[in-house]
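# Need coordinates for the below:
(chains A and B)
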Amino acid sequence: MLTFTLKRLVSGVILLVVVATATFFLAHAAIPDPTLGLLGSAATPEAQQALAAKIGTDRPVIVQFGDWIAGLFRGDLGDSWKNFQPVGAQIALKLPVTLSVVTAAVLLSAVLGGLLGVLAGLRPGTWIDKLVKAGAVILFALPGFWVALLLVMTFAVQLKWFPAVGYVQPQESVGGWLQSITLPAISLALGAVVMIAEQLRNAIIRADGLDYMRTLRSRGLPQWRIVVHLLRNSAPPSLTILALMFVGLLSGAIIVEQIFALPGIGPLTQASSQNGDIPMLLGITVVTVVFVVIINFLLDILLGWINPKARVK
Amino acid sequence: MTSPLTENIDTRAGRRGSVFVRLLKRPAGAISFGILVLIVLVAVFAPLLAPYDPNFVDLSITRALPSPEHLLGGDTTGRDVLSRLIWGTQITLWGALVAIVTSLVIGVPSGLAAGYFGGATDRIGTWISDAVQSVPGMIILLIVGANTGNDFNLLMVTVGVFMAPGYFRLTRATVLAVRNEAYVDAAKVSGLSHARIMGRHVIRPVVAPIVIQSALTAGMAMGMQAGLQFLGIGGGTTPGWGAAMNEGFRVMRTDPLLLLWPSLALGISIAALAVLGSTLADVVSVTAPLPSRKARRARRAAERAAASGEPLAVTASTGAVAHAAADSAVQIENLRVRYETADGEVEVVHGITLDVAPGEVLGIVGESGSGKSQTVFSVLDLLPKTGSYTADAIWIGGEDVTSLGRRDRARLLGREIGYVPQEPMTNLDPSFTIGHQLIEPLRAVHGMSRADAKARALAMLERVGIADPPRVMRAYPHELSGGMAQRVLIAGAIAAKPSVLVADEPTTALDVTVQAEVLELLRELQQEYRMALVIVTHNFGVVADICDRVVVMRHGSIVEIGEVAQLFSTPEEPYTRELIAASLDGAESRAELDRAFALTGSTAQDADAQEAAAPAATDASTEADRKEVRA
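Take a look at the predicted model:
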């Protein structure tokens, strides 16, 4: 278990460094003179020079990189070029919003997708099975922001069931918080729900044909216990997909947050990219990749718990 | 070696045309294809179709409702909505095309190389693919988009990069599956270069999945593109759908139609692509699941029956009963088992009648595919989902259970009837400990307390000859040997002290030395518990050892039924004589038995014999294959 954890840790760090490096140079290539965007209309040659000296972009890119990556290993993401405040603190301020929405979307996908998948898998060919199949075809392809617009139009503007925009902090009002993340989470999750459901359905049908399921039934176990056995043996592919989707959900959240005016990572990313605030953009990338690494690590542990054979290896 | 190559090419080339026809024959395929053709036409002929210049401002139509002059009205700055949508089609399609081409160019060659060469190439490629998949693409797109003058093509190339792992994984998996096919080996042997082999032979099976994936990728690329434009990136002055959605979103409370039109255009395009891809997948059945194991098993049984020239349905019932129904432990009257297959229903057991008295041991003997196991599964009511049976009556413990409901019927399991399967290694749930699997039914079915159930489970393991029961209780199935696993399964079957024990080839998968021990154990337990034992076997040695009476089955019918001693000394049917002779020749395994038949040219001259003649491996996949031929 210790070597397993260490291995995952090392490979996670390597991934992080590679992605961070690639993003660093990509950002510097895409934004050759960040002072232009940072100063906007106030850009004069003198002001640009002063700013460049202040944020250190008058140095060679490779030196800037050395500084930045060294800071990264110390856990320091640097200061924003726009407001000169620490990047880490600013991201930490916005992250809970995005994480609330994405976590809610993941939970929704797991619970609803799992339920639909089990129902469809136990009774292939029934209406619920066909619903899952049709849903998986169409809903998976439709982008989250498209669904978000549809939901806003229907439930917030027409029916007025939910607030159209805005975010309520959970410490203010838990009910208000749930209400403010419900539509965003549904928009993000819908595609994932049907995807998980279809995966699980296929896995359950496969598992249901296995010898040990017949033997378990021959012992007279009630149906729900049979389902527990089925679920544990068919969950891995769906869990893998769910972990994979976490990245996609983060991407989707950036647009969906705009639609619902949620003060999360999305608006921060967009503003930073327009300003050319490279440290902020790099910080956001690093933080999201860290989350991806953590999710994948948790997934491995979960899969190991589910499948004892994988645990031994 | 050349003929398979040409054959392969011919059939595929011939099928390609018909795939398209079959696609159009399906309503979903025809409609989605029609919509896409329409979209492409609109894009190509946008300059002719659009009634106005998409960027021409006519302040008088600002936020105008649909009218005969402006079919979809005007937008917030007074431009014709319809014209902008039509021009937007062109941009949307072009963007999707750029993304797909980028994805294909990156993903397919690298996937081919990774799958074909394996080793380090594969590991590096897979690592990069995983790395790309762990980066939220939208952040990178924002970085690229906001600062490169909104270069639309560059953005779509970036989208393509983030979609490349999809192609990589798909290509790699498909190539891995065909890499060791005979025609690829043949090409290697004949000295073709790697490039030629990949280009000519390996890429062929990849084409269909790629086309299907491209439909999905195109839809997702359109979504990404619209999403970027919605954020105000990559739009410029071009009249994209995403930009129109953003505009509509901002005025959705006052002019909801402005949001509706572009959303509809995007939604319909993406849905059409998704439906087309999925229908295409169904038609070429690339992603459609293979026919289930049972369906294939049943189909083989059907082919076997057809090949042997026997009619599928025999009207008369075969077999006989020796006891009154009320006195028997199990009595089956005119049992028929059918399977649904792609080619219709196939009957694999053609009306058989047999019985077993309490405390009696009945053997059911026959070669692979004779319907022995199907008979047993019918008694248990545990046929696979595609299978079903009919019977005039099935008496268990003096009660006709065919009239019982599903629930009541299932109630017999684990109480009246115990079941010992053939292959111990695949009949224990790999995810749970042995202890859990023994204790769970005792608690759930028999309502024992945890402590009682555990004590009973330990006692049962002790009884079946497990050396260290507490250790085995904590073990997982993969930590046991085949013989131990089979003892565990026997312990599970008899833990509830059933009145009937059904054993389906309980020793076949075991080592020869263990076979005798397990058989001895079954005999002891049968006598100790005074159970009726129905034992399915291909081996007359087992029959001679343990059975009181024996049923000989062949092609789903009963050939002969009688007392063991009498059947051995004076078999009435030539088929029985052959079976006995083959068994006594020292044929230990079913493989050898079937081979013996194949050699004497008597009966099993189908593929089964060859398949079963493969070394009797304990390897799970081989085992699954072998079981598949058993019907």
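
# How about the residues of the stretch 1-150 of chain B by chain A?
Near chain A, the residues belonging to the stretch 1-150 of chain B are B:130-131, B:133-140, B:142-148 when assessed by CB under 8 Å from any CB of the partner chain. Backbone N, C-alpha and C define where each C-beta goes, glycine included.

# how does it look with 7 Å?
B:131, B:133-140, B:142-144, B:146-148 (CB under 7 Å from any CB of the partner chain).

# What about those, which are in helices?
Filtering the residues of the stretch 1-150 of chain B next to chain A for membership in helices, criterion DSSP state H, returns B:131, B:133, B:137-140, B:142-144, B:146-147.

# For A:Asn307, give me phi and psi.
Main-chain torsions, A:Asn307, degrees, to the nearest 10: phi -110, psi 100.

# What distance do you get for it to chain B?
Distance of A:Asn307 to chain B, computed by CB to the nearest CB, to the nearest Å: 6 Å.

# give me the number of residues near that residue?
19 (other CB atoms under 10 Å in any protein chain shown).

# Tell me the confidence at it?
On pLDDT, A:Asn307 comes in at 79.

# I'd like the distance between it and B:Leu176.
To B:Leu176, A:Asn307 is 22 Å away according to CB to CB, to the nearest Å.

# do B:Gly277 as well
Counting by CB to CB, the gap from B:Gly277 to B:Leu176 is 22 Å.

# which non-adjacent residue is nearest B:Val550?
Excluding the flanking residues, the one nearest B:Val550 by CB to CB, 6 or more residues apart in numbering or on different chains is B:Gly363, at 4.2 Å.

# That neighbour touches B:Ile535, doesn't it?
Yes - using CB atoms under 7 Å, B:Gly363 is in contact with B:Ile535, at 5.4 Å.

# So these two - more neighbours on which side?
Taking neighbours as other CB under 10 Å, B:Gly363 and B:Ile535 compare with B:Ile535 leading, 29 against 26.

# ok so, going back, now do the shared contacts for B:Gly363 and B:Ile535.
B:542, B:547 (CB atoms under 7 Å, 6 or more residues apart in numbering or on different chains).

# Report the rounded mean pLDDT for stretch B:556-575.
86.

# Revised request: answer the last question for stretch A:40-51.
80.

# which of the residues in that stretch are buried?
A:48, A:51 (16 or more other CB atoms under 10 Å in any protein chain shown).

# which SS class is B:Phe419?
Phe isn't right for residue B:419; it's Tyr. strand (DSSP: H, G, I helix; E, B strand; the rest coil).

# Can you give me the pLDDT of it?
pLDDT, B:Tyr419: 92.

# Excluding chain neighbours, what is closest to it?
Nearest to B:Tyr419 is A:Ser218, by CB to CB, 6+ apart, at 3.8 Å.

# cool, and B:Gln515?
Counting by CB to CB, 6+ apart, the residue nearest B:Gln515 is B:Thr507, at 4.1 Å.

# hang on, that neighbour is in a strand, isn't it?
No - with three-state DSSP as the criterion, B:Thr507 is coil rather than part of a strand.

# That one reaches B:Glu517, doesn't it?
No - under the criterion of CB under 7 Å, B:Thr507 makes no contact with B:Glu517, lying 9.2 Å away.

# what are the ranges of the helices in chain A?
A:2-30, A:34-39, A:45-55, A:61-73, A:87-122, A:127-141, A:144-151, A:174-208, A:211-218, A:223-259, A:265-275, A:278-306, A:308-312.

# Looking at B:Gly277 and B:Leu176, which is more packed in?
Neighbours of B:Gly277 and B:Leu176, each counted by other CB under 10 Å, are more numerous for B:Gly277; the result is 23 against 15.

# so B:Val550 is in which element?
Using DSSP states H and E, B:Val550 maps to strand B:549-554.

# And for that strand, what's in contact with it?
For strand B:549-554, using CB under 7 Å, 6+ apart, the contacting residues are B:319, B:322, B:354, B:360, B:362-366, B:370-372, B:543, B:558-564, B:567, B:575-576, B:579.

# If burial is judged by neighbour count, which of the residues you listed pass?
Using 16+ other CB under 10 Å as the threshold, B:319, B:322, B:354, B:360, B:362-366, B:370-372, B:543, B:558-562, B:564, B:567, B:575-576, B:579 are the buried ones among those.

# Helices - which of those residues land there?
Counted as lying in helices by DSSP H, out of the buried ones among the contacts of strand B:549-554, are B:372, B:543, B:564, B:567, B:575-576, B:579.

# Nearest to B:Gln90, out of the residues you listed: which one, please.
Ranked by distance to B:Gln90 (CB to CB), these are led by B:Lys372 at 66.4 Å.

# The closest one touches B:Thr537, doesn't it?
No - here B:Lys372 lies out of contact with B:Thr537, judged by CB under 7 Å, at a distance of 8.2 Å.

# quick revisit: and the residue nearest to B:Val550, how far from chain A?
20 Å.

# residue ranges with poor pLDDT in the stretch 151-300 of chain A?
Scanning the stretch 151-300 of chain A with the threshold set as pLDDT under 70 gives A:164.

# need the residues of it near chain B, please.
A:153, A:157, A:202, A:209-212, A:214-222, A:225, A:229, A:232-233, A:244, A:247, A:250-251, A:254-255, A:258-259, A:269-270, A:273-274, A:276, A:281, A:284-285, A:288-289, A:292.

# How is chain B divided into domains?
Here chain B is described, according to automatic domain parsing, as comprising the domains B:7-285, B:318-431+B:476-582, B:590-630.

# And those domains, which one averages the lowest pLDDT?
What stands lowest among the domains of chain B, in mean pLDDT terms, is domain B:590-630, with a mean of 41.

# Give me the three-state assignment for B:Val536.
strand.

# Break down the stretch 151-300 of chain B into its strands, ranges please.
Taking DSSP state E, counting those that start in this stretch to define them, one finds no strands in the stretch 151-300 of chain B.

# Nearest to chain A: which residue in it?
B:Gly223 (3.2 Å; CB to the nearest CB).

# In contact with that residue: list those residues for me.
By CB under 7 Å, 6+ apart, the contact set of B:Gly223 is A:142-143, A:146, B:270.
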